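Enquirer: coordinates only, sequence not included:
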């Protein structure tokens, strides 16, 4: 138990050592895998750079990672939809959970586009860069320089969302 606590303290104490999570082409996936990866980023202070497409479960970043850990570039696009079972069958419980997780500012933007989270919405509702900038700050040159100086993978499989 002491070893686990020490490891957690070390991870939280040295967030600058973690490479940024660079989202460039993330089509989403299973909610639980993304939830775990985003909570890990939150706990470790890992920076998240949204520099392209962030769809489906990827959008949980809006409610799980603090704003000061996330930045966006002009290439950022986010797409939200109701949960399904992987075959396209609507899952009301998964949608309810997803709606509870995403951030309140993101919910406001989605409501303005006609979705309140209570109903099936299989089609993507997209947020553009100008809308996403109301959720997160724009990436600075320093943020982008971190990508050049640290090994970063653009493959965002849920296994740690490399």
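Expert: Perfect, thanks for sending it. Note that this is a predicted model, so its numbers are computed, not measured. Residues are numbered from 1 along each chain as shown.
Enquirer: quick one, longest strand in this protein?
Expert: Ranked by number of residues, the top strand in the chain under DSSP state E is strand 48-55.
Enquirer: So what's the gap between the next helix or strand after that strand and the chain middle?
Expert: Next helix or strand after strand 48-55 toward the C-terminus (DSSP states H and E): helix 61-64. When distances are taken as C-alpha atoms, centre = their mean, to the nearest Å, helix 61-64 is centred 6 Å away from the chain's centroid.
Enquirer: Name every strand pairing with the longest strand of the chain and say which way it goes.
Expert: Applying DSSP bridges, strand 48-55 is found paired with strand 21-26 (parallel), strand 70-72 (parallel), strand 77-80 (parallel).
Enquirer: Grab the most central residue of this structure for me.
Expert: Taking C-alpha atoms, centre = their mean, the centroid of the chain lies closest to residue 61, which sits 2.6 Å from it.
Enquirer: Tell me which residues of stretch 121-138 come out buried.
Expert: Residues 121, 125, 127, 131-132, 135-136 are the ones in stretch 121-138 that count as buried (16 or more other C-beta atoms under 10 Å). C-beta: built from backbone N, CA, C; applies to glycine.
Enquirer: quick revisit: I'd like to know which of the strands paired with strand 48-55 lies nearest to residue 44.
Expert: Across those, residue 44 has its closest neighbour in strand 21-26 (10.1 Å, C-beta to C-beta).
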